[in-house]
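compute the structure for the input listed below.
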Amino acid sequence: MEPNWQLARKRAVLEKRARIIQQIRAFFIEQNFLEVETPQRIPANAPELHIDAIPSTDWFLQTSPELCMKRLLAAGYDKLFQICRCWRAAERGGKHLPEYTMLEWYRSHCDYHQLMRDCEALFLHLAPEQQLSWQGEMIDLSPPWPRITIAEAFSQFSSIALETALATDEFDVVMALEIEPKLPTNRPTFLIEYPVQHAALARKKPADPLVSERFELYIGGLELANAFSELTDPTEQQQRFTREEQQRQKAGKLPYPPPTPFLKELATLPPSAGIALGIDRLIMLFCDQKIIDNVVCFTPEQL
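Predicted structure coming up:
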């Protein structure tokens, strides 16, 4: 009987994937981060309009380990990382899987600027030659990487003003169709200072309360990571959760219960910052693979 060649031909990529994950783990251990494992089946995820959790009986599969990891920060742990499985409903495409691998790390007593430096250091650890080849283009990884504010990105790349996009609820569409395709592909790019309307769990920038201390990392046209300085005000966070849940229910989505333990402990969270980075997309970059199917053992369609 012939072997399953669809699986067999992935061997070189899967071997490289394993080495990269080992290198990532070594990087954080060398930086004195504590590796943790938090539950992947939880009573409630943070409510977000565009992210749908997958029910698991009367609970949910996690869309991110963030709530549990922040509770650990609030309990006094200062540097944490986790490599884990996450799930999101109706996520399938060349860059998306409904079940995927996430790297998240958190630092207390710092802000999102430190996380940008972490990203630069992590990639230089993985690619000490400071470059990688992706889809026929050489990407220069030498730091510091460009930082572009959302206001600057709309000014340079969008057909409508940022204020108009926010007022007409076109922000996400403009980001996806006009701004992201025009970002540099030969250099990693941090898009920073998202409007507070798109802050989620991020704190406002003290010098400009209309924007949040949030960034997303793009490399080679791939959105790779989302990060922010953490909001530590439980009252404001509860208000944001309530607004987001109202929007979800208005859109006819499955209602979420409030993440009560997280909200109760948020008041003891010190100034902190956290980031979620997609491992599968990172592997796509380092293995020069155009679609996510090629960097995982099995896709949903193969099961």
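
from now on I want contacts and neighbour counts done on CA atoms only, so please keep to that.
Fine.

can you count the residues close to Asp78?
17 (other C-alpha atoms under 10 Å).

check the offset of the helix or strand hosting Asp118 from the chain's centre.
When elements are assigned from DSSP states H and E, Asp118 belongs to helix 112-126. How far helix 112-126 lies from its chain's middle: 14 Å, per C-alpha atoms, centre = their mean, to the nearest Å.

for it, packing partners?
Here helix 112-126 touches helix 11-30, strand 222-229, strand 272-278, going by 3 or more C-alpha pairs under 8 Å, 6 or more residues apart in numbering; DSSP states H and E.

mean pLDDT for the ones you listed - can I get that in a markdown table?
What follows is the helices and strands packed on helix 112-126, written out as a markdown table (pLDDT from 0 to 100):
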| stretch | mean pLDDT |
| --- | --- |
| helix 11-30 | 98 |
| strand 222-229 | 97 |
| strand 272-278 | 98 |
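
any chance of these in TSV, with mean neighbour count and distance to Pro258 too?
Compiled in TSV, the helices and strands packed on helix 112-126 are given as follows (neighbours: other C-alpha atoms under 10 Å; distance: least, C-alpha to C-alpha, whole Å):
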stretch	mean neighbour count	distance to Pro258
helix 11-30	15	32
strand 222-229	22	21
strand 272-278	23	21
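
give me the mean pLDDT for the helix holding Asp118.
The average of the pLDDT scores along helix 112-126 is 98.

what residues of it count as buried?
Residues of helix 112-126 classed as buried: 112-113, 115-116, 119-124, 126 (neighbour count, 16 or more other C-alpha atoms under 10 Å).

closest to Pro259 out of these?
Using C-alpha to C-alpha, Tyr112 comes nearest to Pro259 of those, at 23.9 Å.

do I have it right that that closest one meets Glu216?
No. Using C-alpha atoms under 8 Å, Tyr112 makes no contact with Glu216, being 10.6 Å away.

Asp172 and Gln6, how far apart?
For Asp172, the distance to Gln6 equals 36 Å [C-alpha to C-alpha, to the nearest Å].

and the helix or strand bottoming out on mean pLDDT in the chain, C-alpha only, in CSV?
When the helices and strands of the chain are scored by mean pLDDT, DSSP states H and E, helix 5-8 comes last with a mean of 88. Listed next in CSV are the C-alpha coordinates belonging to helix 5-8 (Å, rounded to 0.1, in the frame of the first residue of the first chain):
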residue,chain,number,x,y,z
TRP,A,5,2.1,11.3,0.1
GLN,A,6,0.1,14.4,1.0
LEU,A,7,1.4,13.9,4.5
ALA,A,8,4.8,12.5,3.6
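
got the contact list for that helix?
For helix 5-8, the surrounding residues in contact (C-alpha atoms under 8 Å, 6 or more residues apart in numbering) are 297-298.

shared neighbours of Tyr112 and Glu216, anything?
Common contacts of Tyr112 and Glu216, defined by C-alpha under 8 Å, 6+ apart, comprise Ala227.
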